[in-house]
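Asks: structure, please.
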Amino acid sequence: MIRSGLLPGMSPADRVLFQRFGTGKPAAVPFRRIHDAVLAQARARPDALAVEHSGESLTYAELDRRSAALASALSTLGVRPGQHVGLFLTRSIPMVVGILAILRAGAAYVPQDIRIAPAAQLRHIVATAGIEVVLTTREHKSALPAGLGRVVAIDSAHRGDAPPVSGGGTAMVIFTSGTTGRPNGVQVTHANLANVLLTAPGSLGVRPGDRVAQLLNIAFDMAAWEILGTLAHGGTLLIRGRDIEETARRADVLIATPGVLSTVDPAACARVRTVAVAGERCPAGLADAWARRARFHNACGPTEVTIVNTVQHYDPGRGPLTIGRPVPNTTVYVLDDELKPCPIGQVGEMWAGGACVTAGYAGNADLTAERYRPDPFLGGAHRMFRTRDLVRWTPDGQLEHHGRTDDQVKIRGFRVELDAVTATLERAPGCARAATLVSEGRLVGFVSPATADPGVVRRAVEAELPYYCVPTMIVPVDHLPLTERGKVDRRALLSCLDSREPAGTVA
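Replies: Residues are numbered from 1 along each chain as shown. Okay, here's the model as predicted:
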């Protein structure tokens, strides 16, 4: 519970709301290690389908046997609890076997998609995470660069004599983009994953037999939501091929970034009953289109607070789109620059506490100390994490997202929040999605589809925002390019400017 004695300067009413709004519901977590939940499903429903991909499938019993054999082989190779094991491959059934085997050996998996990860990045990850063993497939083994340690093909590994060991605190290490250009490895624990995946709303109501699409890049933290969140509840994981919508049409549950979800037609997905998005700001129009057909969840949270730490069940008839409330057993604090609580309704920076806070950055104690701080509101050994998200509480205890501190820019001496401009662009007639960037000191708005009229869009922005927030250029495009992690590819958008005035712009 938040210690209210640490809230000087707040009104008595705000002190009550700071604690009420900022504290997630207490909830029991049924398993201490996330793979124990998966193995419980294997015991209860051995013949149920666990995973499908490209015409192949595994039952829970087969997944249990294969992962146990590989875990035993890993132990024979010297993998011990607490170590990090690379998982460098592409979407596949061996990917799922590898994840479960690494966890059963007591180690943490470090995923990378070798289609897109350059050799220098793989070497950096191996060195930073202290990886000695890398799992891949026979198909990709020869394509990996030299110097990655011992490389083992999952589909040709022989069972060792040592029994699998269930242990270890860290479950996965997810490398995210860093300010120096080199990615940082976030150490996510079993307790972190179990808390968000095994309690509502993060469990998403997945039941045995439900079909959940696996659409996202395996190096992205939300892929763990798809994979482990499905298997922990007895669902069937549908690993996609090239066609995202083909997989989505066969699913009951979709977990995606708004960018990926925008490539799927809701009308083509009559079976889908639950949708969850996170990873970037969700356009209201996209949320409305899906919420009319399915239970829609809008979530927020960087990897450092375990996939998501706030979730809203969005119902267009009951209020505006927000990022919701803290997930169970976690806390949210809206703080000013001096780490003092903001009055309710005032915009501040979101700090997260409780069971969502991960174990810091692998091999980077200085950055861990900078971004993770002792949590004065929970006390003891608790830590809180600076998310860099700008938020404020609504009167009914929902969190409104107001951009990010690293998305604030200065234009003509004024501070501009790029997300606020983007949201206004998306409300313009004829505009479904948008992105706002800074190029050579000026604001550039990209709008989709390409049929959007730049003049109409500009006038809509001028009617809502101060003059310094109106993009100097508005560029209609067929679609917003996405990164391999499903977010808007800002570099690709900037490159299309290419020091010339694109066709269809308003200058």
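
Asks: pLDDT at the residue positioned nearest the centre of the chain, what is it?
Replies: Nearest to the mean C-alpha position of the chain, counting by Cα atoms, centre = their mean, stands Met222 at 4.0 Å. At Met222, the predicted lDDT confidence score is 96.

Asks: check the secondary structure at the closest residue to it other than its chain neighbours for me.
Replies: Spatial nearest neighbour of Met222, chain neighbours left out: Leu216 (5.3 Å); criterion: Cβ to Cβ, 6 or more residues apart in numbering. Just so you know, the C-beta spots here come from the backbone N, C-alpha and C atoms, and that holds for glycine as well. Three-state assignment for Leu216 (DSSP: H, G, I helix; E, B strand; the rest coil): coil.

Asks: measure Leu216 to Pro326 for me?
Replies: Distance of Leu216 to Pro326, given as Cβ to Cβ, to the nearest Å: 24 Å.

Asks: on that earlier part again, neighbours of the residue nearest to Met222, how many?
Replies: Neighbourhood size, Leu216 [other Cβ atoms under 10 Å]: 25.

Asks: switch to numbering from 52
Replies: Yes, from this point I'll number from 52; that puts the last item at Leu267.

Asks: got a pLDDT number for it?
Replies: 96.

Asks: show me the contacts for it.
Replies: Met273, Ala274, Glu277, Ile306, Ala307, Thr308, Val311, Arg536, Gly537 (Cβ atoms under 8 Å, 6 or more residues apart in numbering).

Asks: shaky segments in the stretch 402-551 of the chain?
Replies: Scanning the stretch 402-551 of the chain for pLDDT under 70 picks out the ranges 461, 463-464, 466, 549-551.

Asks: could you pull out the helices for it?
Replies: Taking DSSP state H, counting those that start in this stretch, the helices of the stretch 402-551 of the chain run over residues 416-422, 469-477, 505-515, 541-548.

Asks: what's the most buried one of those?
Replies: helix 469-477 (a mean of 23; mean count of other Cβ atoms under 10 Å).

Asks: ok and that helix relative to helix 505-515, angle-wise?
Replies: Angle, helix 469-477 to helix 505-515, by axes from the mean of the first three to the mean of the last three Cα atoms, to 10 degrees: 120 degrees.

Asks: which helices and strands does helix 469-477 pack with?
Replies: Counting by 3 or more Cβ pairs under 8 Å, 6 or more residues apart in numbering; DSSP states H and E, the packing neighbours recorded for helix 469-477 are helix 335-342, strand 450-455, strand 484-490, strand 493-499, helix 505-515.

Asks: what about dumping the CA coordinates of that helix to CSV?
Replies: The C-alpha trace of helix 469-477 is given here as CSV (Å, rounded to 0.1, in the frame of the first residue of the first chain):
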residue,chain,number,x,y,z
LEU,A,469,4.4,15.3,-31.1
ASP,A,470,1.8,12.9,-29.9
ALA,A,471,-0.7,15.7,-29.4
VAL,A,472,-0.1,16.9,-32.9
THR,A,473,-0.5,13.4,-34.3
ALA,A,474,-3.8,12.9,-32.4
THR,A,475,-5.1,16.1,-33.9
LEU,A,476,-4.1,15.0,-37.4
GLU,A,477,-6.0,11.8,-37.0
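
Asks: residues making contact with it?
Replies: Taking Cβ under 8 Å, 6+ apart as the rule, helix 469-477 contacts 332, 334-336, 452-455, 458-460, 482-489, 494, 496, 498, 508, 511-512, 515-516, 520, 522, 525.

Asks: wait, which of the helices of the stretch 402-551 of the chain is closest to Ala122?
Replies: helix 416-422 (29.2 Å; Cβ to Cβ).

Asks: give me the contacts around that closest one.
Replies: Against helix 416-422 from outside (Cβ under 8 Å, 6+ apart): Gly229, Asn235, Glu355, Gly411, Tyr412, Phe436, Arg437.

Asks: show me how this structure divides into domains.
Replies: Per the record, the chain has its domains at 55-78+381-455, 463-548, by automatic domain parsing.

Asks: report the longest helix in the protein, please.
Replies: Longest helix in the chain, counting residues (DSSP state H): helix 111-127.

Asks: how about the CA coordinates for that one, as CSV?
Replies: Only the C-alpha atoms of helix 111-127 are listed here, as CSV (Å, rounded to 0.1, in the frame of the first residue of the first chain):
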residue,chain,number,x,y,z
TYR,A,111,0.8,-29.9,-25.3
ALA,A,112,2.2,-33.4,-24.6
GLU,A,113,4.5,-33.1,-27.6
LEU,A,114,5.6,-29.6,-26.5
ASP,A,115,6.3,-31.0,-23.0
ARG,A,116,8.4,-33.9,-24.3
ARG,A,117,10.4,-31.8,-26.8
SER,A,118,11.1,-29.0,-24.4
ALA,A,119,12.1,-31.4,-21.6
ALA,A,120,14.6,-33.2,-24.0
LEU,A,121,16.1,-29.9,-25.1
ALA,A,122,16.2,-28.6,-21.5
SER,A,123,18.1,-31.7,-20.6
ALA,A,124,20.5,-31.2,-23.5
LEU,A,125,21.1,-27.6,-22.3
SER,A,126,21.9,-28.8,-18.8
THR,A,127,24.4,-31.2,-20.3
